[in-house]
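1. Sequence and predicted structure are below.
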Amino acid sequence: MTKRYPDGTVAVDRLSLEIPDRAITVLVGPSGCGKTTTLRMINRMVEPSEGSILLDGMDIRQQPVNTLRRSMGYVIQNAGLFQHRTILDNIATVPRLLGWTRQKARQRAAELMERVGLDTSLAKRYPYQLSGGQQQRVGVARALAADPPVLLMDEPFSAVDPVVRKGLQDELLRIQDELGKTIVFVTHDIDEAIKLGTMVAVLRTGGRLAQFAPPAELLSAPADAFVEDFLGADRGIRRLSFFPSEGLELQTSPLIAIDADAAQLAGRADAPYVLVTDPDGRPLGWSEPDRLTAGAVDREQLIDHGRPFVPGTDSLRTALDGAVLSPTGWAVAVDGDGRAVGVVSQQVIGEAIRAAHRRVTHGAGVEAAR
Ligand SMILES: Nc1ncnc2c1ncn2[C@@H]1O[C@H](COP(=O)(O)OP(=O)(O)OP(=O)(O)O)[C@@H](O)[C@H]1O
């Protein structure tokens with residue numbers, strides 16, 4: 001569709017997209033590129049000048065606008081809550097409009113508070129008594145209240161600090177895993193787009209589509225210089241987030257328990273570094289083997305082992321990060337319970353990266369490993 005505002009501004013120019021069901025599609029691009037206009041055309045807050053939008057094959061103009069909007073949750077920056085209503089009543093707004101009893105609507109609202117990670121003790125407060133991040137959670141809960149199949153989100157997390165923002169993003173991914181909504185999410189932040197999107201539409205100024213692709217494909221094959229520039233300088237490193245770390249060859253010989261005896265220590269004497277673990281196998285830190293004395297290992301003397309990675313769950317990016325940050329140049333691999341299962345060098349990770357690149361180049365695709 002195309003949107004030309006009355007003053008002649010072309011906000012969206014012949015945009016054509018097929019938005020997948022039960023997935024997150026992100027619209028991303030610089031300020032003024034038509035993201036909000038596009039989103040608002042989906043719930044008919046803005047009418048297109050040309051073209052049409054089909055929902056499950058049916059033109060959205062074929063149903064009353066109120067019916068359409070109630071099938072689409074809408075979340076905006078700063079949450080847009082009703083200031084004179086309690087948190088519970090804010091969330092219960094749409095169910096009440098739909099004619100639910102007050103009790104049923106409030107019960108649903110309380111359930112949703114838990115779902116979005118809000119303590120139900122906040123139910124009777126007013127929006128101004130909540131932090132920005134909590135208000136955004138209320139905004140998400142309110143949009144989900146009537147269980148709409150579609151969720152439209154316009155820069156919902158832009159007004160909060162980076163730490164809160166990460167929490168909100170993780171929460172959205174978790175909720176989406178449970179609920180499987182069809183979400184259209186607007187942001188100007190490419191990292192947010194890559195983290196959240198199943199599909200990402202990069203728009204350029206003038207409301208033109210520059211590229212529509214899964215995030216891994218955007219990072220590996222930007223369509224043109226504009227997309228490449230928008231993705232930023234460390235595209236190669238960020239792309240490693242989509243390469244799984246399983247299959248990395250781990251070495252177990254440098255592992256040694258803190259209660260190891262002299263013979264076991266002597267067996268490690270040739271290694272440049274050993275990774276000392278607690279008696280349960282959880283990593284404590286690195287040491288040069290000749291600095292260890294059986295029965296008298298000083299935990300304070302150990303070198304920080306950095307953040308370990310979980311093979312198969314974490315990506316090659318996390319593994320590489322662990323190795324780069326470790327003074328020894330080795331990353332520590334742990335199982336789901338945090339027990340060390342081996343160590344891996346930067347060199348081996350580098351070889352795995354090259355192999356992953358070759359697989360992608362030969363058309364085997366990139367597996368998501370977030
Ligand atoms: N009601 C309006 N009348 C005239 N022009 C408008 C109107 N609303 C938006 N525009 C213009 O349309 C273009 C696209 O605006 P839109 O808000 O869709 O962009 P955006 O990508 O969401 O921007 P941002 O990231 O800054 O929110 C801009 O040039 C904007 O000035």
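-> On my side now, so go ahead.

2. The ligand contacts on the chain?
-> Within the chain, the positions lying close to the ligand (Cβ under 6 Å from any ligand atom) are 5, 7, 9, 11, 29, 31-37, 188. The C-beta positions use only the backbone N, C-alpha and C, and glycine is treated the same way.

3. make it 5 Å
-> With Cβ under 5 Å from any ligand atom as the criterion, the chain meets the ligand at residues Tyr5, Thr9, Ala11, Ser31, Gly32, Cys33, Gly34, Lys35, Thr36, Thr37, His188.

4. tally of neighbours for the third one?
-> In other words, Ala11. Applying other Cβ atoms under 10 Å, we find 22 residues neighbouring Ala11.

5. just wondering, since we're on it, how far is it from Ala223?
-> Per Cβ to Cβ, to the nearest Å, Ala11 is found 21 Å from Ala223.

6. Next: the second one.
-> When distance is defined by Cβ to Cβ, Thr9 is 25 Å away from Ala223.

7. Regarding the residue nearest the centre of the chain, what is its secondary structure?
-> Nearest to the geometric centre of the chain sits Lys195, at 3.6 Å (Cα atoms, centre = their mean). Of the three states, Lys195 takes helix under DSSP: H, G, I helix; E, B strand; the rest coil.

8. Wait, it touches Arg165, no?
-> No: if you go by Cβ atoms under 8 Å, Lys195 and Arg165 don't touch, sitting 10.3 Å apart.

9. shared neighbours, the two?
-> Contact with both Lys195 and Arg165 is made by no residue, according to Cβ atoms under 8 Å, 6 or more residues apart in numbering.

10. returning to what we had before: quick one: the residue nearest to the centre of the chain from the ligand, how far?
-> Using Cβ to the nearest ligand atom, to the nearest Å, Lys195 is found at 18 Å from the ligand.

11. And for Ile60?
-> As judged by Cβ to the nearest ligand atom, Ile60 and the ligand stand 18 Å apart.

12. same thing with Ser52?
-> Counting by Cβ to the nearest ligand atom, the gap from Ser52 to the ligand is 18 Å.

13. Which residues are in contact with that residue?
-> Counted by Cβ under 8 Å, 6+ apart, Ser52 has contacts Met1, Asp59, Ile60, Arg61.

14. in the stretch 51-200 of the chain, which spans are helices?
-> 65-70, 87-91, 93-97, 102-115, 132-144, 162-179, 190-196 (DSSP state H, counting those that start in this stretch).

15. what's next to the third one, contact-wise?
-> Outside helix 93-97, the residues that touch it by Cβ under 8 Å, 6+ apart are Arg70, Phe82, Arg85, Arg102, Lys104, Ala105, Arg108, Ala109, Arg142, Ala145, Ala146.

16. Name the nearest residue to the residue of the stretch 201-350 of the chain found nearest the ligand, ignoring sequence neighbours.
-> Closest residue of the stretch 201-350 of the chain to the ligand, Cβ to the nearest ligand atom: Gly207 (6.5 Å). Nearest residue to Gly207 in three dimensions, chain neighbours excluded: Gly34, at 3.2 Å (Cβ to Cβ, 6 or more residues apart in numbering).

17. I figured the one you found hits Arg4, correct?
-> No: in this structure Gly34 lies outside contact range of Arg4 using Cβ under 8 Å: 11.1 Å.

18. Would you mind checking the contacts of Ser52 for buried ones?
-> Of the members of the contacts of Ser52, the ones counted as buried by neighbours, 16 or more other Cβ atoms under 10 Å, are Met1, Ile60.

19. In JSON lines: the contacts of Ser52, plus pLDDT.
-> Formatted as JSON lines, the contacts of Ser52 follow (pLDDT from 0 to 100):
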{"residue": "Met1", "pLDDT": "94"}
{"residue": "Asp59", "pLDDT": "95"}
{"residue": "Ile60", "pLDDT": "94"}
{"residue": "Arg61", "pLDDT": "94"}
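
20. domains of the protein?
-> Per the record, the chain has its domains at 3-239, 255-356, by automatic domain parsing.

21. would CSV of those domains with distance to Ser245 be doable?
-> Shown next, in CSV, are those (distance: least, Cβ to Cβ, whole Å):
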stretch, distance to Ser245
domain 3-239, 14
domain 255-356, 5
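
22. coming back round to it: for burial, what's the neighbour tally of the residue nearest to Gly207?
-> 25.

23. Kindly report the same for Gln264.
-> The burial count for Gln264: 12, using other Cβ under 10 Å.

24. Do I have it right that it meets Ile256?
-> Yes: the criterion here is Cβ under 8 Å, and Gln264 meets it with Ile256 at 6.5 Å.

25. List the residues that contact the closest residue to the ligand within the stretch 151-300 of the chain.
-> Nearest residue of the stretch 151-300 of the chain to the ligand (Cβ to the nearest ligand atom) works out as His188 at 4.8 Å. If you count contacts by Cβ under 8 Å, 6+ apart, His188 has them with Val28, Gly29, Pro30, Ser31, Lys35, Glu155, Ser158.

26. confidence score at it?
-> At His188, the model reports a pLDDT of 92.

27. Having no further points to raise, I will conclude here.
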